[in-house]
Each structure stands twice: as C-alpha cells, then as structure tokens.
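> Give the three-dimensional model of this entry:
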Amino acid sequence: MLFLLENKISFVYGQSQGMHEEDYWGHEVSVSMAVQYAIMLRNIWGKEFEACNSYTSIFDQDKN
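Prediction:
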C-alpha cells in the first residue's frame, strides 16, 4: 500500500468483519469483481453503470 501512496496511484482499500471462511470470501470476491467490472466498463465506454447486487448475475440484469 505504501508503494501506491508514494507513487500517487489511485486505489480503494476496504476491510470488513469476518473470518477466512468460504462464505466470507465468496461474498467479498464477488463484490470486488462487480466493482472492478463497473470500473472497466466505465473506462472502456466512458460512462457510469448502475451498481450490481453481488448475488445477481450481470446476465440476469439484461433480461429486464
């Protein structure tokens, strides 16, 4: 983290309660991937996208 700060590289640091168990990591990884997906889309297409529920598939949202 110090490297990022020293080199003025933008980042988000998050911490939440939980133990190193499957349920915890399943949720945290899915949330992180949804955030990164939105960031990639914003940078590729230059517009904001709605936040995604981490338990809802991106493909399920397209059906609406």
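
> Just give the nearest non-adjacent residue to the residue nearest to the spatial centre of the chain, would you?
Nearest to the mean C-alpha position of the chain, by Cα atoms, centre = their mean, lies Val35 at 2.3 Å. Excluding its sequence neighbours, the residue lying closest to Val35 (Cβ to Cβ, 6 or more residues apart in numbering) is Val12, at 7.7 Å. The C-beta positions use only the backbone N, C-alpha and C, and glycine is treated the same way.

> Next, that neighbour: phi, psi?
Here is the backbone geometry of Val12 (degrees, to the nearest 10): phi -120, psi 130.

> What's the separation between it and Glu21?
23 Å (Cβ to Cβ, to the nearest Å).

> Repeat that for Leu41.
Distance from Leu41 to Glu21, by Cβ to Cβ: 31 Å.

> More neighbours: the two, which one.
Neighbour tally, Leu41 and Glu21, criterion other Cβ atoms under 10 Å: the higher count belongs to Leu41, 14 against 8.

> Low-confidence regions, this structure specifically.
47-64 (pLDDT under 70).

> Let me know how buried the residue nearest to Val35 is, in neighbour terms.
8.

> Over to Tyr24?
Tyr24: 13 neighbours (other Cβ under 10 Å).

> can you check Tyr37 too?
Residues near Tyr37, counting by other Cβ under 10 Å: 13.

> What helices and strands are in contact with the host helix or strand of it?
Secondary structure from DSSP states H and E places Tyr37 in helix 22-45. Taking 3 or more Cβ pairs under 8 Å, 6 or more residues apart in numbering; DSSP states H and E as the contact definition, helix 22-45 has no neighbouring helices or strands.

> Alpha carbons of that helix, as CSV, please.
C-alpha atoms of helix 22-45 as CSV (Å, rounded to 0.1, in the frame of the first residue of the first chain):
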residue,chain,number,x,y,z
GLU,A,22,-15.7,-19.9,2.3
ASP,A,23,-18.9,-17.8,2.8
TYR,A,24,-16.9,-14.7,3.7
TRP,A,25,-14.6,-14.9,0.7
GLY,A,26,-17.3,-15.9,-1.6
HIS,A,27,-19.1,-12.7,-0.8
GLU,A,28,-16.0,-10.4,-0.7
VAL,A,29,-14.7,-11.7,-4.0
SER,A,30,-18.0,-11.3,-5.8
VAL,A,31,-18.4,-7.7,-4.5
SER,A,32,-14.8,-6.9,-5.6
MET,A,33,-15.3,-8.4,-9.1
ALA,A,34,-18.6,-6.4,-9.5
VAL,A,35,-16.8,-3.2,-8.6
GLN,A,36,-13.9,-3.9,-10.9
TYR,A,37,-16.3,-4.8,-13.8
ALA,A,38,-18.1,-1.5,-13.4
ILE,A,39,-14.7,0.3,-13.4
MET,A,40,-13.6,-1.5,-16.5
LEU,A,41,-16.9,-0.6,-18.3
ARG,A,42,-16.6,3.0,-17.3
ASN,A,43,-13.1,3.2,-18.7
ILE,A,44,-13.9,1.3,-21.9
TRP,A,45,-17.2,3.0,-22.7
